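Fold the following.
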Amino acid sequence: MIVGTTQAAQLLNISTARLRVLLIAGRVEGAYKTGKMWLMPLFNGKPLITPGKRGPQPRWRNPRKPAKTIIHVNTQRIRSNQQHDLRQPVITVKKWGDPRSLIGSQEEATEKSSKTNVYGHEVEIPGGCRVVYRPDRPRCGAKVWIETYYNVKVMSWDSDESGALTGYF
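Numbers count the residues shown, from 1 in each chain. The predicted structure follows:
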């Protein structure tokens, strides 16, 4: 995508005058002038500025990293299920960030908090993930957990009279 100076200045959070100075100095990658207008390509949603040799560091902001999703198995619920012959969900999915990004049982997720905790019987991870083992520094009591930056699908089920499984998405 190619943008002009006004759009590029807004993306970089700098003034158009400062952007024109960078353009004249040749510090914007791939920028070219057509008539009286400067045009520049976007790389990862922003114009690419080569760093200067002097002066302060640039002040435009990089995009925020997506919220991390943590998945772990609650061993206390497993023990409770065995002792009382229950089928409560034992997989915990914690998402730091927007609670609406969790696909699954939304009634358990409170939209007021930034940390969301949803229980389920199954979890589907559409993208990459990593398994972390830290016995010295456990996270919320768990020593092993799965981390991902992708939105996960949490599935919970109940056994009805016929013994069939019903999914809640």
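
What pLDDT does the model give the residue nearest to the spatial centre of the chain?
By C-alpha atoms, centre = their mean, the chain has its centre lying nearest to Pro66, at 2.4 Å. For Pro66, the model assigns a pLDDT of 72.

helix, strand or coil for it?
Reduced to three states with DSSP: H, G, I helix; E, B strand; the rest coil, the structure at Pro66 is coil.

Where does the prediction get shaky in the protein?
Regions of the chain meeting the criterion pLDDT under 70 cover residues 62-65, 96-115, 139, 158-169.

about what we covered before: the residue nearest to the centre of the chain contacts Tyr149, correct?
Yes: here Pro66 lies in contact with Tyr149, judged by C-beta atoms under 8 Å, at a distance of 4.9 Å. (Glycine included, C-beta is placed from N, CA and C.)

shared neighbours of the two, which are they?
For the pair Pro66 and Tyr149, no residue contacts each of them under the criterion C-beta atoms under 8 Å, 6 or more residues apart in numbering.
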